[in-house]
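Undergrad: sequence plus the predicted model coming up.
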Amino acid sequence: MKKRRILAVILTGIILAVCMPGIYVPASAGSISRISQKKAADKVQWPAGPKKKSLSSDSAILMELSTGQILYKKNINKKHYPASITKILTAMLTAENCSNNEVVTFSEAAVYGIEAGSSTVYTEVDEKLTIEQCLYAIMLESANEVCLGVGEYISGTADAFVDKMNERVKELGLKGTHFNNPNGLPDPKHYTTAYDMAVIAREAMKNPTFRKVVGTRSYQMPKTNKHKARFWNNHHQMVNGYQWPKYEYKYCIGGKTGYTNISRNTLVTYAEKDGMELVCVIMRADGPKQGEPNEYTDTTSLLNFGFENYRKYTVDEQTSDINKDLFNNYDSYFDSDASPIHLASESSVVLPKGVELTQAKQKVSYDKDVKLKTGDNIIGSVTYSYGGRVVGSTDIIYTKKEDSAGRHLDAASREAVGEEIQELKDSAKKDKEKENIWRKWRKVKDAMVGFFKISAVRVVLLVIAVAAVAALLIFLLRHVQMPRLRRRRRRSSGGYRSRRARRRNARHSHNHWSSGGSGRRRTRRNMSKYYERKPVKSSSPRERRNRGLTYHKNHKKTRESFGKNFFDF
């Protein structure tokens, strides 16, 4: 019984030693719903950008312009004072709401409404500048009073223009930004993030007037009613390195600088190479006067990383099969050159170099509730993903004209198209039902996985498992005959293997002699033949005194330990 207890204790200890490390394994950091997305992302090795500690900036982002894909990020949602890069939104709204030839007359509130020592082109009261000249003053010389002047011209007051800026921020879906003035001077209620600023900069680049102004190296300002002709330089040293030539970047196509004592250096930079345009935003960085790294070395490092590790694909040129799959049900009814359905003009996908476009997954979705109107209508979208990330998307456009129905389809063709569309809807419905089933199964599976990753559940399951194993061991020990493990004993002298055997033989011999045996008297053997008679050679007086016969007794050759005289009496 003691051996069984020892064995049970040993087995229980082994089970506990194996199972205990699993108790303290923490659950995954992400939520259960993101487990399936991470599996795909983990299989893809994305290019690794510069180490975050190597950058002087507190926040940084690198974004591809056509797709909005983020190629590098560092604290992109951390709020900072933007300083003069605020003027990107000011210039964008000015270019969108005004024509270049409109004239702005500066008021006293605009001219004197800035802090002493801030950036200015020394505009005077009642001075007249065109909108184009104002844009150059804002983007090249970072003129704060000009921002106030165009704000008053567009919205009536600078405060009303600020409200317009914040409305546009909401339209872009940005939640980490709020502006309190149009020029970026320090204000506790004036802040943004690197990500939000990149989105604003991307949107601004869609305006051709803004694109022209932001990439201008220098501008010859003609004389006005208050000033003579002047010469303005772009302060961005990667565009025009008139102060720091070593930072000039040959692929740079524009940008905007910013600086205040509170915000430190901020920088927005556009660059283009091999048809791919990037925008880089740097927040709260050192400047060239502080040495390197600084805002320009950070930007150069990030732009080089993007151009060296990513490639842009144009969907329309590279993937004719996508258009074929999308429109194959309408080929017999629509003329390819005059088809009202087409993809948006800017249809791009950005992938790591070495990855082909065919490796990206394509998903086509349609908007069933769209109401068609004359002109271009977005009726759906095509989204591309790779490794769990969205790498590009484009809109499906339907161009409706007043005579489009009569020109493209007659009644019979319209009926046939309707039948095919209904078949497509039925097929899509079946696919959606299958997808819903798989989605429910994945939810159940993910829920089960998440449930078993809870530490308390693991502890309970472990206790139950140990109790079950212990019960099984007790049952086996009580009802199953265990093999006896005995140590092999050393063979004792006398020819017997064990003490029990010797005792049994003694009892047998005793019973035999006491009963008279087999009827005849047993006699002992004469063992004298085992004793050798040896003559003694007397060579010394001592030996001659002991003259006689001696007997050599080899007791090991016999079972008895008695002498010769005992056997011969």
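TA: The structure has been received and is ready for your questions.

Undergrad: please, where are all the strands along the stretch 301-450 of the chain?
TA: Remark: strands assigned in the stretch 301-450 of the chain by DSSP state E, counting those that start in this stretch are 310-314, 341-343, 348-352, 361-366, 375-386, 389-400.

Undergrad: quick check: buried residues in the fifth one?
TA: Of the residues in strand 375-386, those buried under the neighbour-count criterion (16 or more other CB atoms under 10 Å) are 377, 380-386. From N, CA and C alone the C-beta is placed, and that goes for glycine too.

Undergrad: now, which of these sits nearest Asn233?
TA: Distance to Asn233 across the buried residues of strand 375-386 (CB to CB) is lowest for Tyr384, with 41.4 Å.

Undergrad: show me where pLDDT drops low in the stretch 401-550 of the chain?
TA: Low-confidence regions of the stretch 401-550 of the chain, defined here as pLDDT under 70, cover residues 402-425, 428, 481-498, 510-550.

Undergrad: is it true that Ala143 touches Ile114?
TA: No: judged on CB atoms under 8 Å, Ala143 makes no contact with Ile114 at a distance of 9.0 Å.

Undergrad: mind listing the shared neighbours of the two?
TA: Thr120 (CB atoms under 8 Å, 6 or more residues apart in numbering).

Undergrad: these two - which one has more neighbours?
TA: Legend: neighbour count by other CB atoms under 10 Å for Ala143 and Ile114, higher for Ala143 (26 against 19).

Undergrad: residues touching that one, list them.
TA: 119-121, 123, 137.

Undergrad: adding secondary structure, pLDDT and distance to Asn225, write the residues you listed out as JSON lines.
TA: Formatted as JSON lines, the contacts of Ala143 follow (DSSP: H, G, I helix; E, B strand; the rest coil; pLDDT from 0 to 100; distance: CB to CB, whole Å):
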{"residue": "Ser119", "secondary structure": "coil", "pLDDT": "93", "distance to Asn225": "22"}
{"residue": "Thr120", "secondary structure": "coil", "pLDDT": "94", "distance to Asn225": "18"}
{"residue": "Val121", "secondary structure": "coil", "pLDDT": "95", "distance to Asn225": "14"}
{"residue": "Thr123", "secondary structure": "coil", "pLDDT": "94", "distance to Asn225": "11"}
{"residue": "Ala137", "secondary structure": "helix", "pLDDT": "96", "distance to Asn225": "15"}
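
Undergrad: of all pairs in these, which one is the farthest apart?
TA: Counting by CB to CB, the most remote pair of the contacts of Ala143 is Ser119 and Thr123, 11.7 Å apart.

Undergrad: show me where pLDDT drops low in the stretch 1-150 of the chain?
TA: For the stretch 1-150 of the chain (pLDDT under 70), the answer is 1-43.

Undergrad: ok, so of the buried residues of strand 375-386, who is nearest Thr314?
TA: Tyr384 (12.2 Å).

Undergrad: dig out what the closest one forms beta bridges with.
TA: Note on Tyr384: beta-bridge partners by DSSP bridges are Gln362, Gly392.

Undergrad: need the phi and psi values for the spatially closest residue to Pro352 that is not a sequence neighbour.
TA: Leaving aside its chain neighbours, Pro352 sits nearest to Pro47 (5.6 Å; criterion: CB to CB, 6 or more residues apart in numbering). Per-residue torsions, Pro47: phi -60, psi 140 (degrees, to the nearest 10).

Undergrad: what about Tyr310, neighbour count?
TA: 21.

Undergrad: what residues are up against it?
TA: By CB under 8 Å, 6+ apart, the neighbours of Tyr310 are 47, 64, 71, 276, 350-353.

Undergrad: picking that back up, compare the contacts of Ala143 and tell me which is most surrounded.
TA: Ala137 (29 neighbours).

Undergrad: surely that residue meets Trp232?
TA: Yes: applying CB under 8 Å as the test, Ala137 and Trp232 come out as touching, 7.1 Å apart.

Undergrad: and the pLDDT for the nearest residue to Ser218 once chain neighbours are set aside?
TA: Leaving aside its sequence neighbours, Ser218 sits nearest to Asn233 (CB to CB, 6+ apart; 5.0 Å). Listed pLDDT for Asn233 reads 95.

Undergrad: what do you get for the one 10 residues further on?
TA: According to the predicted model, the pLDDT of Gln243 comes to 93.

Undergrad: pretty sure Asn265 sits against Ala285.
TA: Yes: using CB under 8 Å, Asn265 is in contact with Ala285, at 4.8 Å.

Undergrad: list the residues that contact both of the two?
TA: 294-295.

Undergrad: between the buried residues of strand 375-386, which is nearest Tyr247?
TA: Distances from Tyr247 to the buried residues of strand 375-386, taken by CB to CB, are shortest for Tyr386, at 33.9 Å.

Undergrad: skipping its backbone neighbours, what lies nearest the closest one in space?
TA: Using CB to CB, 6+ apart, the nearest residue to Tyr386 is Ala360, at 4.5 Å.

Undergrad: show me what contacts the one you found?
TA: Neighbouring residues of Ala360 by CB under 8 Å, 6+ apart: 349, 351, 384-386, 391-392.

Undergrad: which residues touch the residue nearest to Ser218?
TA: 140-141, 217-218, 240, 242.

Undergrad: quick one: which of those residues is nearest to Tyr313?
TA: Nearest member of the contacts of Asn233 to Tyr313, counting by CB to CB, is Arg217, at 31.4 Å.

Undergrad: now Ile61: how far from Lys53?
TA: Noted for Ile61: a distance of 17 Å to Lys53, by CB to CB, to the nearest Å.

Undergrad: what about these two, which has more around it?
TA: Ile61 (27 against 7).

Undergrad: tell me the SS of that one?
TA: Of the three states, Ile61 takes strand according to DSSP: H, G, I helix; E, B strand; the rest coil.

Undergrad: that one bridge partners, please.
TA: Lys73, Val281.

Undergrad: still on that earlier bit, of the contacts of Asn233, buried ones?
TA: 140-141, 240.

Undergrad: and which of these is nearest Glu203?
TA: Leu140 (20.6 Å).

Undergrad: would you confirm that the closest one contacts Trp232?
TA: Yes: using CB under 8 Å, Leu140 is in contact with Trp232, at 4.7 Å.

Undergrad: got any residues that touch both of the two?
TA: With CB under 8 Å, 6+ apart, Leu140 and Trp232 have common neighbours 218-219.

Undergrad: so the residue nearest to Pro352 makes contact with Phe305?
TA: Yes: between Pro47 and Phe305 there is a contact under CB under 8 Å: 7.3 Å.

Undergrad: those two: which is more packed in?
TA: Taking other CB under 10 Å, Pro47 and Phe305 do not tie; Phe305 has more neighbours (19 against 14).

Undergrad: so who does the more buried one touch?
TA: Applying CB under 8 Å, 6+ apart, the residues near Phe305 are 47, 49-50, 62, 71-72.

Undergrad: go on, Ile88?
TA: 197, 200-201, 204, 214, 256, 268.

Undergrad: please parse the protein into its domains.
TA: 55-310, 319-408 (automatic domain parsing).

Undergrad: quick one on the thing from earlier: closest to Lys246 out of the contacts of Ala143?
TA: Ser119 (23.9 Å).

Undergrad: so what's that closest one up against?
TA: So Ser119 contacts 84, 141-144 (CB under 8 Å, 6+ apart).

Undergrad: got phi/psi on it?
TA: According to degrees, to the nearest 10, Ser119 has phi -60, psi 140.

Undergrad: and for the one 4 residues further on?
TA: Main-chain torsions, Thr123, degrees, to the nearest 10: phi -70, psi 140.
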